[in-house]
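>>> sequence first, then the predicted structure:
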Amino acid sequence: MRTRLPAVAAIAFFAMVALSAQNAPRDVDLIVTGGTVVTVDAAGRVIENGAVAIDGADIASVDTAAAIAKQFRGRETIDASGQIVLPGLINTHTHAPMVLYRGLADDLPLMEWLNNYIFPAESKTVSPEFVRAGTRLAALEMIESGTTTFVDMYYFEEEIARETRRAGLRGVLGQTIIQFPVADAKTPADALARAETFINEFKGDALITPAVAPHAIYTLDGPTLRAARDLSRRHDVPTLIHLAESHDELKVAEERRAVSPVAYLEGLGFLGPGVIGAHGVWVSDADIQVLKTRSVGISHNPESNMKTASGAAPIPAYLRAGVSLGLGTDGAASNNDLDMFEAMRIAALLAKHQSVDPTALSAHTVLEMATIRGARALGMDARIGSLEAKKRADLITVSVSGARQTPMYDPISHLVYVVHGDDVRNSVVNGKVLMRDRKVLTLDATAVIADARSWAEKVRAAVKPHAASR
């Protein structure tokens with residue numbers, strides 16, 4: 001005779017099974033666990049022994065390691081013990097292929113550097129192959145040093161986009177518009193046509209945000225600047241421009257147009273949401289108010305500004321005005337690297353030195369400039385820039401277990417004043433691991449470096465490098 005469970009017992013049994021299944025950890029693709037998690041969220045949470053659960057391209061949860069282990073089971077795990085976990089860094093101004101000109105011309109004023117060395121070098125060496133090789137080298141350097149999103153303006157930008165996507169990085173990439181003939185366009189009209197083709201190819205891409213990049217007011221006339229901005233507006237993509245970078249640019253604007261660079265662009269109807277101005281050094285209080293009113297993002301590039309003696313951007317004034325402010329390295333031809341940790345440290349120190357005020361730019365604020373504030377300047381803060389559920393899974397981990405990082409009282413202080421790019425151990429973009437324990441998985445580092453060295457010989461043969469004064 002078969003024994004049957006009473007109906008009530010059967011219902012209780014199945015309810016218990018269902019409840020158990022409901023409480024079981026949910027499978028996710030990746031868990032980064034065991035480190036100090038610096039979220040850079042609105043509350044400024046720092047979680048000791050924290051963890052980040054990643055499902056697909058998105059962050060599922062950020063919490064203590066114990067809480068994440070209760071809720072999630074990772075198909076893959078990264079042990080971040082002895083490390084800081086933070087949002088991937090956002091480099092708001094680069095010229096990626098120019099890594100191949102690193103150290104070609106140093107210790108020169110900006111306009112002499114550009115007109116006598118860089119523009120001539122580009123005219124003799126830039127090609128799709130050059131751009132591909134330079135982008136791969138830049139991508140390798142950025143992955144190794146903690147950048148997960150970069151903003152670029154250069155030639156053959158479609159090649160940069162393809163290599164960026166292959167490397168797994170996120171990019172806001174602008175096709176350059178310039179008045180004189182260059183490698184990929186003989187006229188501004190050609191460049192504008194190329195920019196539109198580029199936008200159409202990459203608009204809607206998961207990693208690539210196409211943009212239009214009119215070079216500067218001193219290399220473009222008014223009608224071309226208007227046409228570039230109109231193209232951006234038509235396609236609802238960003239506009240990237242060098243803005244008020246040097247005193248020479250200020251003089252050009254005042255002599256030719258009797259106004260500042262910002263006022264000139266305002267008069268053209270150029271400024272507005274979606275414009276990212278690189279440098280913003282030579283600006284007045286009135287200019288800053290215009291930039292704020294027009295919702296223009298500014299990329300602060302302290303290292304290249306210092307190296308070319310272009311001046312120091314008024315960062316405290318920008319912050320007081322509430323201008324969206326990011327941080328950039330500029331190209332490696334004028335920096336000479338793409339290390340955003342170095343850019344953070346220099347930005348903080350320069351602001352203090354310039355203002356004779358040690359509180360002028362705190363470690364907390366400069367870390368925000370390299371993450372959430374940079375994202376805000378790009379109009380991407382709803383997706384990237386902080387570690388929060390439902391945002392894209394762009395994060396890095398940095399080692400803080402060595403002699404140089406010991407002791408650690410404040411992880412944010414360490415990130416700005418102690419950490420170097422080569423302390424980065426792991427990098428994740430859009431949920432994909434690009435580097436695990438210092439091994440880059442999306443690029444063949446040996447081949448990339450060998451190719452770059454080969455191109456350096458071609459550059460040397462084509463142009464005479466500038467010998468720095470001794």
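That came in fine, so what should we check first?
>>> quickly find the element holding the closest residue to residue 315 other than its chain neighbours.
Nearest residue to residue 315, sequence neighbours excluded (C-beta to C-beta, 6 or more residues apart in numbering): residue 351, at 4.9 Å. All C-beta spots, glycine's among them, are computed from the backbone N, C-alpha and C. Element membership of residue 351 [criterion: DSSP states H and E] is helix 340-355.
>>> what's that helix in contact with?
Residues outside helix 340-355 that contact it (C-beta atoms under 8 Å, 6 or more residues apart in numbering): 89, 91, 145-147, 300-303, 306, 312, 315-316, 327-329, 358-363, 366-367, 369-370, 415-417, 419-421, 423.
>>> list the buried residues for it?
Neighbour counts over helix 340-355 (16 or more other C-beta atoms under 10 Å) mark 340-352, 354-355 as buried.
>>> go on, stretch 33-50?
By 16+ other C-beta under 10 Å, the buried positions in stretch 33-50 come out as 33-41, 45-47, 50.
>>> how long is it end to end?
6 Å (C-alpha to C-alpha, to the nearest Å).
>>> which residues sit against it?
Outside of stretch 33-50, the residues within contact range by C-beta under 8 Å, 6+ apart are 51-52, 62-66, 68-69, 74, 77-87, 364, 367-368, 371-372, 385-388, 397, 400, 411-412, 415.
>>> how many neighbours does residue 425 have?
Residues near residue 425, counting by other C-beta atoms under 10 Å, number 22.
>>> correction: residue 66
Burial of residue 66 is recorded as 12 neighbouring residues (other C-beta under 10 Å).
>>> contacting residues for it?
Residue 66 touches residue 49, counting by C-beta under 8 Å, 6+ apart.
>>> A helix includes it, no?
Yes: secondary structure assignment places residue 66 in a helix (DSSP: H, G, I helix; E, B strand; the rest coil).
>>> can you tell me how far it is from residue 415?
The gap separating residue 66 from residue 415 is 24 Å, by C-beta to C-beta, to the nearest Å.
>>> surely residue 74 touches residue 30?
Yes: in this structure, residue 74 is within contact of residue 30 by C-beta atoms under 8 Å, at 5.6 Å.
>>> sorry, back to before: mind saving the C-alpha coords of the helix holding residue 351 as CSV?
Output in CSV follows, covering the C-alpha atoms of helix 340-355 (Å, rounded to 0.1, in the frame of the first residue of the first chain):
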residue,chain,number,x,y,z
MET,A,340,45.3,59.4,-15.7
PHE,A,341,46.5,58.7,-12.1
GLU,A,342,49.4,61.0,-12.9
ALA,A,343,46.9,63.6,-14.4
MET,A,344,44.9,63.5,-11.1
ARG,A,345,47.9,64.1,-8.9
ILE,A,346,49.2,66.9,-11.1
ALA,A,347,45.8,68.5,-11.3
ALA,A,348,45.5,68.6,-7.5
LEU,A,349,49.0,69.9,-7.0
LEU,A,350,48.8,72.5,-9.7
ALA,A,351,45.5,74.0,-8.4
LYS,A,352,47.0,74.3,-4.9
HIS,A,353,50.2,75.9,-6.2
GLN,A,354,48.4,78.3,-8.6
SER,A,355,46.0,79.5,-5.9
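>>> if we look at the helix or strand following that helix, which residues are touching it?
Next along the chain after helix 340-355, taking DSSP H and E as the criterion, comes helix 363-369. Under the contact criterion C-beta under 8 Å, 6+ apart, helix 363-369 has outside partners 38, 40, 44, 86, 300, 319, 325-327, 344, 347-348, 373, 410, 412-413, 415-417.
>>> helix or strand next in line after helix 363-369, which one?
Sequence order places helix 372-377 as the next helix or strand after helix 363-369, per DSSP H and E.
>>> residues touching that next one, excluding its own?
Helix 372-377 has contacts (C-beta under 8 Å, 6+ apart) with 40-41, 87, 90-92, 149, 276, 297-299, 324-327, 365, 381, 383-386.
>>> avg pLDDT for stretch 351-365?
For stretch 351-365, mean pLDDT rounds to 97.
>>> same thing with stretch 137-157?
Throughout stretch 137-157, pLDDT has a mean value of 98.
>>> start and end of it, how far apart?
15 Å.
>>> next one: that stretch to chain centre, how far?
8 Å (C-alpha atoms, centre = their mean, to the nearest Å).
>>> of the contacts of stretch 33-50, grab the buried ones for PyMOL.
Entered in PyMOL, the line below selects the buried ones among those, by 16+ other C-beta under 10 Å:
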select buried, resi 51+52+62+63+65+68+69+74+78+80+83+84+85+86+87+367+368+371+372+385+386+387+388+397+400+411+412+415
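>>> tell me how far the residue lying closest to residue 418 once chain neighbours are set aside lies from residue 192.
Ranked by C-beta to C-beta, 6+ apart and with sequence neighbours excluded, the top spatial neighbour of residue 418 is residue 405, at 5.6 Å. With distances taken as C-beta to C-beta, residue 405 is found 49 Å from residue 192.
>>> do the same with residue 373
As judged by C-beta to C-beta, residue 373 and residue 192 stand 31 Å apart.
>>> low pLDDT regions in this protein?
Counting by pLDDT under 70, the chain shows low-confidence ranges at 1-22, 467-470.
>>> how far off centre is the longest strand along it?
Secondary structure of the chain per DSSP state E: the longest strand is strand 26-38. Here strand 26-38 is found 23 Å from its chain centre; the criterion is C-alpha atoms, centre = their mean.
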